[in-house]
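A.B. asks: pasted the sequence and its predicted model underneath.
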Protein chains: 2
Amino acid sequence: MQLPDSIMITEVGPRDGLQNEPEQVPVQEKIDFINQLSACGFPEIEATAFVSPRWVPQLADAGEVLAGIQRVEGVAYSALVPNIEGWERAQDGNVDKISVFTAASETFSKRNTNATIEETLNRFQPVVHAAREAGCPVRAYVSCVVACPFEGKIAPAKVKGVVDHLLDLGVTEIDLGDTIGMATPSDMDALVEVVADRVPPEKLVLHLHDTRGTALACCYRAMQLGVRRFDASCGGLGGCPYAPGATGNLATEDLLFLARGLGIPAGVDASGVLQASAMMERSLDRPLVGRVYRAESCSEEA
Amino acid sequence: MQLPDSIMITEVGPRDGLQNEPEQVPVQEKIDFINQLSACGFPEIEATAFVSPRWVPQLADAGEVLAGIQRVEGVAYSALVPNIEGWERAQDGNVDKISVFTAASETFSKRNTNATIEETLNRFQPVVHAAREAGCPVRAYVSCVVACPFEGKIAPAKVKGVVDHLLDLGVTEIDLGDTIGMATPSDMDALVEVVADRVPPEKLVLHLHDTRGTALACCYRAMQLGVRRFDASCGGLGGCPYAPGATGNLATEDLLFLARGLGIPAGVDASGVLQASAMMERSLDRPLVGRVYRAESCSEEA
């Protein structure tokens, strides 16, 4: 069980971190935020989503945001794309990569996207085909891989079935999401093992939530198992905006702190990330919940 | 690297969790809090401290608290005791165990207790002697075992020197504290190894802070190394009261969530702990920061 010699972080703050924010963040603040993140050295930034403005009004400005940012060489700018209309908008937006989205829980899929898992997969088929034709890589998010708010515990075999179907469709990357933050390290063992025949640990992406404080314990276990790709959101953006202090996405700064302590380079400038978080804290006008971010804010105030 | 078949949690909320609270918590609320904790199944509760009321005014009521609680068989009620006067008061309070307190950082020791490490050890000598004569076990806290707010990184050899001195004095238990929450899992390797010749992993106690989100990752790593005794504070009591959202002690609920996910029994009723936290949240009139506690509060409000 050797830890990886480096990790790769996809910064998802601009998309996953902001999509549920009830107050509209001005386009220019999103552009400044992404430009700041671009300067930090992330290999990939999920910048926005080409989804229905009715479904996610916060990201209705996807085209403007992508047109406004200064692209840095070596950074892949990706966007979530749920259907063929989204793919066309994403092409106009000149994205480097797209993401599609399904779930390992049938109930969550129905409630979240008003479609069965199979229906979401069928809807992706032309998107994945078009993207592959255009030479655009396709990440596939699978949410609720450990537990579902409606169904409870999700069996790894269920995750495996969805992953196999996605790979058969031709997606180029699998990203497993513990959407409600219920994972502990033993779930990492089960997930890494169940997909290993088609997704080796070093290719797998994990999207962990720190809702119950276990995200870094899971990252650490996953690293022991050979995983080296993680999503994170600066300052922990993407918590539950209606419940102050409740947390969602693993904070980028926390993951960087873990990696640094373990001597594992991530190639990301941690102080630049703190600045990006501070920009969004001012923009959203409420304290971000990331632990390192709060600890740094605390020591500045003290 | 097999995980332990059970863990033991010492609940430190009533002492470590409350000692820095600026508003005096009424004696009866402390008693109710400890009684609620006693019903949860903890093997040990650090109930209070017999320190100078000038130093820690919040715990000036130590005698009253210990006189007021309903003791449950199988629960050890312990108290922090800095000197021989404290030991005499603790005897009157009929404690089952005492704790003494020093640091692995010379600067922290001087700033925190106005004494060098050696002076604190000399001060403990008669306390430890008297306690041993009385058949009372003595825990020794060593703070700043990973890093110090003044000195930065602390070398494991420094920790080892202090631990050896404490064991030579006759203390019965070593509790290593990451006082400012700077540890990552590799620090657990270093600490467990450096003390192993005199404190086997299964006897060692760890006192971790979740300031940067790494506490559970460290617990997990420590468990892999054979550690099975941990301190925790319900709801994460003991954060920095002046910086909302900044966190200190590892929350008991979070550790219980990890252990449950790993299939490791702790013998503690998690729902009872949530109730104890809710009592203190009402008493302190500000949101507690423990992640599981907040997640549960969030789902109740939603």
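C.D. replies: Yes, it's here.
A.B. asks: switch to C-alpha atoms for all contacts and neighbour counts from now on
C.D. replies: OK.
A.B. asks: now A:Thr120: closest residue in space, sequence neighbours ignored.
C.D. replies: Using CA to CA, 6 or more residues apart in numbering or on different chains and skipping residues adjacent in sequence, the residue nearest A:Thr120 is A:Thr102, 6.4 Å away.
A.B. asks: pLDDT weak spots in the stretch 201-302 of chain A?
C.D. replies: Low-confidence segments of the stretch 201-302 of chain A, defined by pLDDT under 70: A:239-247, A:298-302.
A.B. asks: quick one, grab the pLDDT at the residue nearest to A:Thr120.
C.D. replies: A:Thr102 carries a pLDDT value of 95.
A.B. asks: tell me the bridge partners for it.
C.D. replies: Taking DSSP bridges, one finds A:Val142 as the beta-bridge partners of A:Thr102.
A.B. asks: from A:Leu169, how far off is it?
C.D. replies: Using CA to CA, to the nearest Å, one obtains 13 Å as the distance from A:Thr102 to A:Leu169.
A.B. asks: about what we covered before: count of neighbours near the residue nearest to A:Thr120?
C.D. replies: A:Thr102: 27 surrounding residues under other CA atoms under 10 Å in any protein chain shown.
A.B. asks: A:Asp285 now?
C.D. replies: Using other CA under 10 Å, A:Asp285 is surrounded by 9 other residues.
A.B. asks: quick one on the thing from earlier: contact partners for the residue nearest to A:Thr120?
C.D. replies: Neighbouring residues of A:Thr102 by CA atoms under 8 Å, 6 or more residues apart in numbering or on different chains: A:109, A:117, A:120-121, A:140-143.
A.B. asks: and which of these is nearest chain B?
C.D. replies: A:Ser143 (18.6 Å; CA to the nearest CA).
A.B. asks: the closest one: what's it in contact with?
C.D. replies: A:101-105, A:176-179.
A.B. asks: leaving out the residues flanking it, which one is nearest to A:Thr48?
C.D. replies: In space, and not counting its chain neighbours, A:Thr48 is closest to A:Arg15: 4.5 Å by CA to CA, 6+ apart.
A.B. asks: I figured the one you found hits A:Phe50, correct?
C.D. replies: No. Shown here, A:Arg15 and A:Phe50 do not form a contact pair, counting by CA atoms under 8 Å, at 10.2 Å.
A.B. asks: overlap in contacts, the two.
C.D. replies: In the contact map built from CA under 8 Å, 6+ apart, the residues linked to both A:Arg15 and A:Phe50 are A:59, A:79.
A.B. asks: give me the residue from the stretch 151-300 of chain A nearest chain B.
C.D. replies: A:Ala217 (3.7 Å).
A.B. asks: check contacts around that residue.
C.D. replies: Neighbour list for A:Ala217: A:184-185, B:214, B:216-218, B:220 [criterion: CA under 8 Å, 6+ apart].
A.B. asks: compute the inter-axis angle for the helix or strand it falls within and helix B:215-224.
C.D. replies: Secondary structure assignment for A:Ala217, by DSSP states H and E: helix A:215-224. Using axes from the mean of the first three to the mean of the last three CA atoms, to 10 degrees, the inter-axis angle of helix A:215-224 relative to helix B:215-224 is 50 degrees.
A.B. asks: so which bits of helix A:215-224 are buried?
C.D. replies: Within helix A:215-224, the residues scored as buried using 16 or more other CA atoms under 10 Å in any protein chain shown are A:215-224.
A.B. asks: try stretch A:89-98
C.D. replies: Within stretch A:89-98, the residues that qualify as buried are A:89-91, A:93, A:95-98, counting by 16+ other CA under 10 Å.
A.B. asks: mind checking which of those residues are in strands?
C.D. replies: A:97-98 (DSSP state E).
A.B. asks: same list (the buried residues of stretch A:89-98) but as TSV, adding pLDDT and distance to chain B.
C.D. replies: Shown next, in TSV, are the buried residues of stretch A:89-98 (pLDDT from 0 to 100; distance: CA to the nearest CA, whole Å):
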residue	pLDDT	distance to chain B
A:Arg89	96	35
A:Ala90	97	34
A:Gln91	95	38
A:Gly93	94	36
A:Val95	97	33
A:Asp96	98	32
A:Lys97	98	31
A:Ile98	98	30
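A.B. asks: turn the buried residues of stretch A:89-98 into CSV, including distance to A:Pro26.
C.D. replies: Supplementary listing: the buried residues of stretch A:89-98 in CSV, determined by distance: CA to CA, whole Å:
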residue, distance to A:Pro26
A:Arg89, 20
A:Ala90, 20
A:Gln91, 23
A:Gly93, 18
A:Val95, 21
A:Asp96, 24
A:Lys97, 24
A:Ile98, 23
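A.B. asks: from chain B, how far out is A:Leu80?
C.D. replies: Taking CA to the nearest CA, to the nearest Å as the criterion, A:Leu80 is separated from chain B by 27 Å.
A.B. asks: got it, and A:Phe33?
C.D. replies: Summarising the geometry, the distance separating A:Phe33 from chain B, computed by CA to the nearest CA, is 23 Å.
A.B. asks: tell me which residues touch that residue, please.
C.D. replies: If you count contacts by CA under 8 Å, 6+ apart, then A:Phe33 has A:14, A:276, A:279-280 around it.
A.B. asks: and it, which of the three is it?
C.D. replies: helix (DSSP: H, G, I helix; E, B strand; the rest coil).
A.B. asks: same thing with A:Glu21?
C.D. replies: Going by three-state DSSP: A:Glu21 is coil.
A.B. asks: per-residue pLDDT, it?
C.D. replies: A:Glu21 carries a pLDDT score of 90 in this model.
A.B. asks: my guess is it contacts A:Gln58. True?
C.D. replies: Yes. Using CA under 8 Å as the test, A:Glu21 is close enough to A:Gln58 to be in contact (6.9 Å).
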